[in-house]
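Next input, structure requested:
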Amino acid sequence: MSPGKGHERISYYELEQAAEGFNESNLLGNGSFSMVYEGILKDGTIFAAKVFNVQLEGAFKSFDTECEILRNLRHRNLTNVITSCSNLDFKALVLEYMPNGTLDKWLYSHKLFFDLLQRLDIMIDVASAMDYLHNGYSTSVVHCDLKPHNVLPDQEMVAHVSDFGISKLLGEGEAFVQPRTNATIGYIAPGIRAFQSFLISLEKIYPINYWP
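Residues are numbered from 1 along each chain as shown. Predicted coordinates for the structure are as follows:
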């Protein structure tokens with residue numbers, strides 16, 4: 001993908017140095033296909049490096065999907081990509097650093113606190129991001145895994161939606177049909193879960209190779 005404004009594509013060596021060798025002390029979090037590390041570029045920019053575990057099935061596809069989606073999207077409530085690092089056995093996205101962690105940390109912590117106005121602002125921010133993804137770009141984007149862990153408040157507590165690894169791009173007039181989903185259980189529509197269970201039951205009765 002194209003680097004962000006003012007930044008060139010970064011090499012593995014440069015990224016490894018900037019993230020202090022991907023040391024555990026720099027680890028910010030992890031996902032299904034990746035680990036996220038904090039680092040500092042030569043110009044002083046603090047970043048979050050999303051390093052994909054290429055040994056996992058689906059990691060390459062997840063990286064390619066995020067690159068395809070994020071390369072053209074620009075919105076104040078979406079994660080900003082600074083640059084990327086990609087070779088045969090290493091894939092990483094260099095993202096804008098969000099000092100306040102994830103939304104779920106704020107919602108479920110006994111030490112952190114959101115007042116009512118901040119909660120309302122967060123909801124408006126996320127809704128604004130979703131509206132842009134669905135209606136504000138030439139190709140509609142379905143996130144597929146929206147949850148508190150994928151919402152990142154910045155220094156001013158403005159929410160940024162992140163993690164587009166299983167998202168879908170829809171062409172004009174194309175409907176979104178997803179009988180199977182990799183989304184987090186508990187944050188997907190009940191109807192999708194019910195339909196998925198129905199398909200699994202159907203496959204037990206009629207093997208998939210007998211389907212028309």
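
switch to C-alpha atoms for all contacts and neighbour counts from now on
Noted.

what about the chain, any weak spots by pLDDT?
Scanning the chain with the threshold set as pLDDT under 70 gives 1-7, 170-212.

Break it into its domains for me.
12-96, 103-205 (automatic domain parsing).

hey, which of the ones you listed is tucked in deepest?
For the domains of the chain, the largest average neighbour count (mean count of other C-alpha atoms under 10 Å) is found in domain 12-96, namely a mean of 18.

got the end-to-end distance for that one?
Across domain 12-96, the terminal residues are separated by 18 Å (C-alpha to C-alpha, to the nearest Å).

Need the three-state assignment for Arg146.
Small correction: residue 146 is Leu, not Arg. coil (DSSP: H, G, I helix; E, B strand; the rest coil).

Could you tell me the end-to-end distance of stretch 133-148?
17 Å.

my guess is Ala19 contacts Lys42, does it?
No - look at Ala19 against Lys42 with C-alpha atoms under 8 Å: they stay out of range, at 11.2 Å.

and whatever helix or strand Leu107 lives in, how far from the chain's centre?
Element membership for Leu107, per DSSP states H and E: helix 103-108. Distance of helix 103-108 from the chain centroid (C-alpha atoms, centre = their mean, to the nearest Å) equals 17 Å.

check contacts around the spatially most central residue of the chain.
Central residue of the chain (C-alpha atoms, centre = their mean): Asp163, 0.2 Å from the mean position. Each residue near Asp163 by C-alpha atoms under 8 Å, 6 or more residues apart in numbering is listed here: Glu66, Asn150.

and the longest helix for this structure?
helix 116-135 (DSSP state H).

Which other helices and strands does the next helix or strand after that one contact?
Going down the chain from helix 116-135, the next helix or strand is strand 140-142, by DSSP H and E. Contacts defined by 3 or more C-alpha pairs under 8 Å, 6 or more residues apart in numbering; DSSP states H and E place strand 140-142 against helix 116-135, strand 168-170.

Which one of these lies nearest to Leu103?
For Leu103, the closest of those is helix 116-135, at 9.0 Å, according to C-alpha to C-alpha.

list the helices and strands that closest one packs on?
Using 3+ C-alpha pairs under 8 Å, 6+ apart, helix 116-135 sits against strand 140-142, strand 159-161.

Distance to Ile46 added to these, as a markdown table?
Rendered in a markdown table, the data for the helices and strands packed on helix 116-135 read as follows (distance: least, C-alpha to C-alpha, whole Å):
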| stretch | distance to Ile46 |
| --- | --- |
| strand 140-142 | 28 |
| strand 159-161 | 17 |
